[in-house]
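Asks: predicted model follows, preceded by the sequence.
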Amino acid sequence: MTSRARPEALGAPETATLAKAADENFPVAPFFLPRAWRDDLMAVYGFARLVDDIGDGDLAPGGADARYLGVSPEEANDPLVMLDAFEEDLARVFDGAPHHPLLAALQPTVRRRSLTPEPFLGLVRANRQDQLVSRYETYDDLLAYCELSANPVGRLVLAITGTATPERIRRSDAVCTGLQIVEHLQDVAEDLGRDRIYLPAEDMKRFHVQEADLAAPSAGASVRALVAFEAERARGLLNEGTPLVGSVPGRLKLLLAGFVAGGKAAVHAITAASYDVLPGPPRPTGLRLLREAGATLRGEG
């Protein structure tokens, strides 16, 4: 460990982390929400994006994040060491003074909304699991991973907006898992480059897909059939979660419709690409997003 920096405001690396919100399949903190909600959602996004960047080795250059967390330059490229230090700093959010600026920015939100450590710890554990588990044998195994990697985000949104109920949490979990599966499908090639495969091995076997097939420049018939199968699963989960949108009031309805629509539009983009996700992530058009948002607000799908 080394000495920790304690900046008073977000610097360039932290600003760059927050800027990644524009690349998500769903709106993070759109302008139509109350300012307090936007601030709190961006604080949670900063945490979630940073922990993913640690797990993926995508931190901003310069080593600032390691310095904030007290990790030596020699260990800064070890995601497990970084995640351990990050979890230690997360504990300070709930009882102390966190050192990382994005965690310091999260602390007022945690206090204002009475958030608990569990969803944040789930996201840390998901990224730790990414360092130790690179293949998933069954769909149930993948769902258990999504319980850590995706579902906490929706639960935090409900907690921040004061709208959590058991039924809404169940619907939210379906939406978040669906979004995670869609992202996995979009990023098959990128994940393979990190030696990770989020397509269940039992499904790959069923569709006669070998790992080498995923490294091809474009997908063959077997890979396309597999991606179509998984995309339909994601669509089903998003449809299962769609009633969540109609169950909440006011502007929150628009935000959640954006989440669901982003996932459904991404599934449509994958379908429009004939399920060939290997050249790069199929991305939906703005018009498709608007159509899906309208349909979601009308309770269709």
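Replies: Yes, it's here.

Asks: thinking Ala43 is in contact with Arg111, fair?
Replies: No: using Cβ atoms under 8 Å, Ala43 is not in contact with Arg111; the gap is 11.1 Å. Backbone N, C-alpha and C define where each C-beta goes, glycine included.

Asks: higher neighbour count, the two?
Replies: Neighbours per residue (other Cβ atoms under 10 Å) separate Ala43 from Arg111, with Ala43 holding more: 25 against 11.

Asks: pLDDT at the more buried one, what is it?
Replies: The confidence metric pLDDT takes the value 94 at Ala43.

Asks: and it, what element?
Replies: In this structure, Ala43 sits in helix 35-56 according to DSSP states H and E.

Asks: next SSE after that helix?
Replies: For helix 35-56, the following helix or strand on the C-terminal side (DSSP H and E) is helix 64-69.

Asks: give the rounded mean pLDDT of that following helix.
Replies: Mean predicted lDDT for helix 64-69 stands at 96.

Asks: output the contacting helices and strands for that helix.
Replies: Packing contacts for helix 64-69, counted by 3 or more Cβ pairs under 8 Å, 6 or more residues apart in numbering; DSSP states H and E, involve helix 79-94.

Asks: now do the helix it packs on and helix 35-56, the angle between them.
Replies: 160 degrees (axes from the mean of the first three to the mean of the last three Cα atoms, to 10 degrees).

Asks: and the helix or strand following helix 79-94, what other elements does it pack with?
Replies: Note on helix 79-94: by DSSP H and E, the next helix or strand toward the C-terminus is helix 101-113. Helices and strands touching helix 101-113, by 3+ Cβ pairs under 8 Å, 6+ apart, are helix 12-19, helix 35-56, helix 79-94, helix 151-160.

Asks: can we see that at 6 Å?
Replies: The contact analysis (3 or more Cβ pairs under 6 Å, 6 or more residues apart in numbering; DSSP states H and E) places helix 101-113 against helix 35-56, helix 79-94.

Asks: and the helix or strand following that helix, which residues are buried?
Replies: Using DSSP H and E, the helix or strand that directly follows helix 101-113 along the chain is helix 118-132. Using 16 or more other Cβ atoms under 10 Å as the test for burial, helix 118-132 gives Pro119, Phe120, Gly122, Leu123, Val124, Arg125, Ala126, Asn127, Arg128, Asp130, Gln131.

Asks: stretch 181-191 now?
Replies: By 16+ other Cβ under 10 Å, the buried positions in stretch 181-191 come out as Ile181, Val182, Glu183, His184, Leu185, Gln186, Asp187, Val188, Ala189, Asp191.

Asks: take these and keep only those in helices.
Replies: Ile181, Val182, Glu183, His184, Leu185, Gln186, Val188, Ala189, Asp191 (DSSP state H).

Asks: and the furthest pair within these?
Replies: Maximum pairwise distance among these (Cβ to Cβ): 16.1 Å, between Ile181 and Ala189.
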